[in-house]
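**Student:** predicted model follows, preceded by the sequence.
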Amino acid sequence: MSDRSPEVALTGFLQTMWEIQAERVQMARREVAFSELARGVASMGPVLDFAGALRRSSGPVRVIAEVKRASPSKGPLFPGAKAGDLAARYEQAGASALSILTEERYFSGHLDDLQEAKARVGLPVMRKDFLIDPYQVLEARVCGADACLLIAAMLGPSLLAEMCAVALEYGIHTLIEVHGEEDLAWAVEAVAKNRSRRPEWLPVVGINARNLATLTVDKEQVLRLGAALPEDVVKVAESGIRDAGDARRALEAGFDAILVGEALVTAVDPGKALRELIGAPR
């Protein structure tokens, strides 16, 4: 297992994911040491500007389109999805960035999907997974990610701030995901702490409508918590967005971007569904 223990008490799905991730980190370290990953990152060029791609001053909603084969609540969604093919369709339909699920057991993803998608598009690509260790931030970067997801409720205040610092040190963007009032405070604290060292940093903070303990969706919570986010961050609404009406509500509530997975991968034509969300011509 990883030598890290949860900083905060976890229950339900988050506890399960911590145990899975701890074992994966230990196995990965047997194959590739942290120092070797760091050398790999040092040899790479800069990442694409994930935060800049999502920041909206005018125009249509920015969309992070997700490559997702399954979910723990719904089971298989698009089990035969080819990450590269779907990423290319999203780019053609007007996506601003991509989210690639790399979690294997419940989402049927893989790190190889990152590399496959990255090879097919010119968009910023984010690793979406349940990261619990700085090792996985570097792992994401080496596999081609421009950004990685950090779930505040899973990490707790100190580890969240540390993971943000590691990401900044190794030149990869983050999407800090919030689910409630308590982890919103942790996110604001992590942003302030790291901005004191890196004042040029443009943080991206997402409000997820899904309760990760029960996996239920509360769209109103997104709007309520979104109003409490600092003004100087890029704001992303996540989960439960199914149509142009939901996208419009997010924009009206002050969000810069939306992250959409299930509504796209279960559509007959994911590209058409994305264009309809954005309001682009078919």
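**Tutor:** Perfect, thanks for sending it. Numbering: from 1, shown residues only.
**Student:** can I assume Val121 is in contact with Glu91?
**Tutor:** Yes. When contacts are counted by C-beta atoms under 8 Å, Val121 is listed as touching Glu91 (4.5 Å). The way it works is simple: take the backbone N, C-alpha and C, and place the C-beta from them, glycine included.
**Student:** list the contacts of the lowest-mean-pLDDT helix or strand in the chain.
**Tutor:** Sorted by mean pLDDT, DSSP states H and E, the helices and strands of the chain end with helix 219-226, the least confident at a mean of 82. Where contact means C-beta atoms under 8 Å, 6 or more residues apart in numbering, the residues beyond helix 219-226 that reach it are 178, 180-181, 184, 207-209, 235, 237-240, 246, 249-250, 253-255.
**Student:** if we use 6 Å, what do you get?
**Tutor:** Taking C-beta atoms under 6 Å, 6 or more residues apart in numbering as the criterion, the residues outside helix 219-226 that touch it are 184, 207, 209, 237, 240, 253, 255.
**Student:** kindly report the same for stretch 229-236.
**Tutor:** 51, 54-55, 203-206, 255-257, 259.
**Student:** which one of those residues has the most neighbours?
**Tutor:** Within the contacts of stretch 229-236, neighbour counts (other C-beta atoms under 10 Å) peak at Gly206, which reaches 30 neighbours.
**Student:** measure it to Val234 for me?
**Tutor:** Taking C-beta to C-beta, to the nearest Å as the measure, Gly206 falls 9 Å from Val234.
**Student:** does anything pack onto the helix or strand where Gly40 lies? Which helices or strands?
**Tutor:** For Gly40, the host element (DSSP states H and E) is helix 34-42. Contact partners of helix 34-42 among helices and strands, from 3 or more C-beta pairs under 6 Å, 6 or more residues apart in numbering; DSSP states H and E: helix 134-142.
**Student:** so how far is the helix it packs on off the chain centroid?
**Tutor:** Average the C-alpha atoms of helix 134-142, do the same for its chain, and the two points are 14 Å apart (C-alpha atoms, centre = their mean, to the nearest Å).
**Student:** what's it in contact with?
**Tutor:** Residues outside helix 134-142 that contact it (C-beta under 6 Å, 6+ apart) are 25, 34, 37, 40-41, 127, 148, 166-167, 170, 172.
**Student:** just put those in JSON lines and tack on pLDDT.
**Tutor:** Output for the contacts of helix 134-142, formatted as JSON lines (pLDDT from 0 to 100):
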{"residue": "Val25", "pLDDT": "96"}
{"residue": "Phe34", "pLDDT": "96"}
{"residue": "Leu37", "pLDDT": "97"}
{"residue": "Gly40", "pLDDT": "96"}
{"residue": "Val41", "pLDDT": "96"}
{"residue": "Arg127", "pLDDT": "98"}
{"residue": "Cys148", "pLDDT": "98"}
{"residue": "Val166", "pLDDT": "98"}
{"residue": "Ala167", "pLDDT": "98"}
{"residue": "Tyr170", "pLDDT": "97"}
{"residue": "Ile172", "pLDDT": "98"}
